[in-house]
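In: Dropping the sequence and predicted coords here.
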Amino acid sequence: MLVRLRRLGPIFLIAVVIPTLGAFLYFGLFASDVYVSESRFVVRSPSKAAVTSLGQVLSSGGLTGASEESNAVIEYLESRSAVADANRANLLSRAWSDARIFVLDRFGGLREPNRERLYRYYLDKVTVEDEPTTQVVHLTVRAFAAPDAQAINERLLERSEALVNRLSDRARGDALALANREVDEAQQRARNAAIALADYRNRSRIIDPEKQAAARLQMVSKLQDELIAAQTQLKQMETYTPQATQIPYLRTQVASLQREIAAQTASIAGGSGSLSSTAARYQVLLLDSELAGKQLAAALIGLQDARAEARRKRAYVERIAEPSLPDYAVEPKRLRGIVATLLLGLLTWGILSVLLVGVREHRD
């Protein structure tokens, strides 16, 4: 046997024999058993209510997958925060640093343990996979004892649920705070508009320019009727009874009616104090008040919707498969590892042999 190995040369020994022997010793004698715990979950959120009647007909009103929360959970499970949360009470350190674990397999076996190395070791032992079509998240945890693998998986699921609840609570709180702030601002605007309109009415002593203008126009119309009647009577007397004693009185009455009509007309449409000049400013203030009232009503409706939405649980983790307790170790694949090492060594030996032959022929 040794003679045959010598004929094959030192390259075969280095590329095939030593690696295969090392793989046999590692996988056959030293490698620690690895137990795999798996769990599956999905992040759910209530579907939003349809706005239109057609949407209400087409919408099922059930639960939908919360992709944003799912992505947040996946990013969390692959973060240093997840390592810190899962390692409370030294759960990870105890599970992966036990002295019974082979030195090359356990955490901190050859190098001084620290948080950064624990994080890299964690990424090697914890796998998170997301199924895009079903939005189901697969969480796989590897440990050197079945209860440890299940405990770590359960701890990570609990922290993921806490994260989703925290995000949901914050979203509800932000929505309510925004709705309350909008209501407060709308109330302040409505209050300011009402005060401005009341102050303008007090300063101008006008309640409603349009109604007051209509009343004055009616008064002007009546005065004009009286003026026409007085002028007609005056002309008749001046024509048929020019010496009548009522003529001076009628002239005075006509002049008085003309002055009153001119005064009323000027108060309606004339100088800066007329109703027409005050109506423009009044209409602006009235429009501001009505608009502020509508904005307040809309803000109150938004607040009611935000409160109704807050009563619903926005998102939560629904477990499809609980963390499993492995019955036996599924890793490492001992025979596969040895055979793979042997085949890789043979491939390397073949390549090196061909290269070596080519170099020799080139020299010759």
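Out: Nice, I can see it.
In: going forward, measure contacts between C-alpha atoms and count neighbours the same way
Out: OK.
In: Tell me where this protein has strands.
Out: 35-46, 63-65, 126-130, 137-143, 316-321 (DSSP state E).
In: To residue 309, which of the ones you listed lies closest?
Out: Counting by C-alpha to C-alpha, residue 309 lies closest to strand 35-46 out of the strands of the chain; the figure is 9.6 Å.
In: can you state the direction angle for the closest one and strand 316-321?
Out: Computed by axes from the mean of the first three to the mean of the last three C-alpha atoms, to 10 degrees, the angle separating strand 35-46 from strand 316-321 equals 140 degrees.
In: least reliable of the strands of the chain going by mean pLDDT?
Out: Note on those: strand 63-65 shows the lowest mean pLDDT, a mean of 46.
In: can you list the weak-confidence ranges in this structure?
Out: Within the chain, the ranges that satisfy pLDDT under 70 run 1-9, 46-67, 204-217, 220, 261-282, 312-314, 364.
In: what's the longest helix in it?
Out: helix 146-204 (DSSP state H).
In: could you say what helices and strands that helix packs with?
Out: Applying 3 or more C-alpha pairs under 8 Å, 6 or more residues apart in numbering; DSSP states H and E, one finds that helix 146-204 contacts strand 35-46, helix 67-77, helix 80-86, helix 91-96, strand 137-143, helix 275-311, strand 316-321.
In: Make JSON lines out of these and add distance to residue 109.
Out: JSON lines is the format used below for those (distance: least, C-alpha to C-alpha, whole Å):
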{"stretch": "strand 35-46", "distance to residue 109": "19"}
{"stretch": "helix 67-77", "distance to residue 109": "25"}
{"stretch": "helix 80-86", "distance to residue 109": "19"}
{"stretch": "helix 91-96", "distance to residue 109": "10"}
{"stretch": "strand 137-143", "distance to residue 109": "15"}
{"stretch": "helix 275-311", "distance to residue 109": "50"}
{"stretch": "strand 316-321", "distance to residue 109": "33"}
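In: wait, which of these is closest to residue 150?
Out: Going by C-alpha to C-alpha, the one of these nearest residue 150 is strand 35-46, 5.5 Å.
In: Paired strands for the closest one, with orientation please.
Out: strand 63-65 (antiparallel), strand 137-143 (antiparallel), strand 316-321 (antiparallel) (DSSP bridges).
In: In PDB, please show the C-alpha coordinates belonging to stretch 80-89.
Out: Extracted in PDB, the C-alpha atoms of stretch 80-89 (Å, rounded to 0.1, in the frame of the first residue of the first chain):
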ATOM      1  CA  ARG A  80     -27.200  42.600  16.000                       C
ATOM      2  CA  SER A  81     -30.300  43.600  18.000                       C
ATOM      3  CA  ALA A  82     -31.700  40.100  17.500                       C
ATOM      4  CA  VAL A  83     -28.400  38.600  18.800                       C
ATOM      5  CA  ALA A  84     -28.500  40.900  21.900                       C
ATOM      6  CA  ASP A  85     -32.200  40.100  22.600                       C
ATOM      7  CA  ALA A  86     -31.800  36.400  22.000                       C
ATOM      8  CA  ASN A  87     -28.600  36.200  24.200                       C
ATOM      9  CA  ARG A  88     -30.300  37.500  27.300                       C
ATOM     10  CA  ALA A  89     -29.600  35.200  30.200                       C
END
